[in-house]
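Participant: mind folding the following:
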Amino acid sequence: FSMSLFWNARSLNAFDERRGHAEQVLKESEQRTRELMEHLPVGIGVSSPGGSALYANSALLSTLGYPSREEFLKTPVSSLYADPQDRSRFLELLEGGGVKDFEFQYRRNDGSLAWGSMDAHVWKTPSGESQIVVALQDLTERRRAEAERAYHAHVLANVGDAVIATDARFVVTAWSGAAERIYGWRAEEALGRPVDELIRSRVSEDERQEFRRILPEKGQLEADYLQYRKDGSPIQVAARTVALRAADGSVTGTVTLSRDVTESRRAERDRDLLFNFSLDMLCIAGFDGYFKQLNPAWEKALGWTNEE
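Facilitator: Residues are numbered from 1 along each chain as shown. Below is the predicted model:
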């Protein structure tokens, strides 16, 4: 009987030692996990199924604008959602097995709204308690950039003049809807190609190189060109090209606004022909009462030249 008690005691002691060791290993593992989460650049939070905040790492506190973990833990998780329906949708998805890339608008500590993307799943603690673990990434800047790009794309699609952007090597980086209509090249055909392959002009290579040499010095240049569409038909174009610069002043590309003036220039030529060859005495005068231009019929009739 004494030996039995002795062995039972030894067994209990060994069990206690093993349990103590296991608990120590578990504590150390939990500590390492918390240290890892604390240093992650992504916001990590833990809450109860009922919506009580249990943990937030430094990245999450920074994203949400809370000065301390203690203050955040007093905040109901539901109050972080700008739209209560987003909270309901999130919980529905969570019941389905997990949440991935859930985009929603959340409320910061100062009341301002921001956009975020959240992943989440439910885990069980060693004691069997369910907890919700979330990872939050701020999307505010990305959303703002997307909205800005969409706005610029809308402007380019609706502006009447062709808008063509190139990089420093004169490779096309933007080709507006008006550029498609004027030149006949679709954007997917134009992007990534040298602009000279798409827009052929009646200028010599020396003139083209002179233009590229002067543009960085002047900053912008304006001129009329006879150019050719994709199908080879000629068009008269009034173009203004602006040099784009980096912060250090180096040229990073160009933006050109081109307007098809074929019809207006033809109308001007027809008007000039009528003005100059008319037998009637025609003139152009300003509101100040002075002549601006006289046609040859005036000189024949009265002997006065334009200069006189």
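Participant: could you pull out the helices for the stretch 101-250 of the chain?
Facilitator: 140-158, 177-183, 187-190, 195-198, 205-218 (DSSP state H, counting those that start in this stretch).
Participant: what packs against the last one?
Facilitator: Based on contacts counted as 3 or more Cβ pairs under 8 Å, 6 or more residues apart in numbering; DSSP states H and E, the elements that helix 205-218 packs against are strand 220-228, strand 234-245, strand 251-260. No exception for glycine: its C-beta is placed from N, CA and C like everyone else's.
Participant: now it against strand 220-228, angle please.
Facilitator: Counting by axes from the mean of the first three to the mean of the last three Cα atoms, to 10 degrees, helix 205-218 lies at 150 degrees to strand 220-228.
Participant: and the angle for helix 205-218 with strand 251-260?
Facilitator: Going by the same axes, to 10 degrees, helix 205-218 makes 110 degrees with strand 251-260.
Participant: may I have helix 205-218 as PDB, with CA atoms only?
Facilitator: Extracted in PDB, the C-alpha atoms of helix 205-218 (Å, rounded to 0.1, in the frame of the first residue of the first chain):
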ATOM      1  CA  GLU A 205      13.300  65.200 -89.800                       C
ATOM      2  CA  ASP A 206      15.400  68.300 -89.100                       C
ATOM      3  CA  GLU A 207      12.300  70.300 -88.200                       C
ATOM      4  CA  ARG A 208      11.100  67.500 -85.900                       C
ATOM      5  CA  GLN A 209      14.400  67.300 -84.100                       C
ATOM      6  CA  GLU A 210      14.400  71.100 -83.700                       C
ATOM      7  CA  PHE A 211      10.900  71.000 -82.200                       C
ATOM      8  CA  ARG A 212      12.100  68.400 -79.600                       C
ATOM      9  CA  ARG A 213      15.200  70.500 -78.800                       C
ATOM     10  CA  ILE A 214      13.300  73.700 -78.300                       C
ATOM     11  CA  LEU A 215      10.300  72.300 -76.400                       C
ATOM     12  CA  PRO A 216      12.200  71.800 -73.100                       C
ATOM     13  CA  GLU A 217      13.600  75.400 -73.300                       C
ATOM     14  CA  LYS A 218      10.200  77.000 -74.100                       C
END
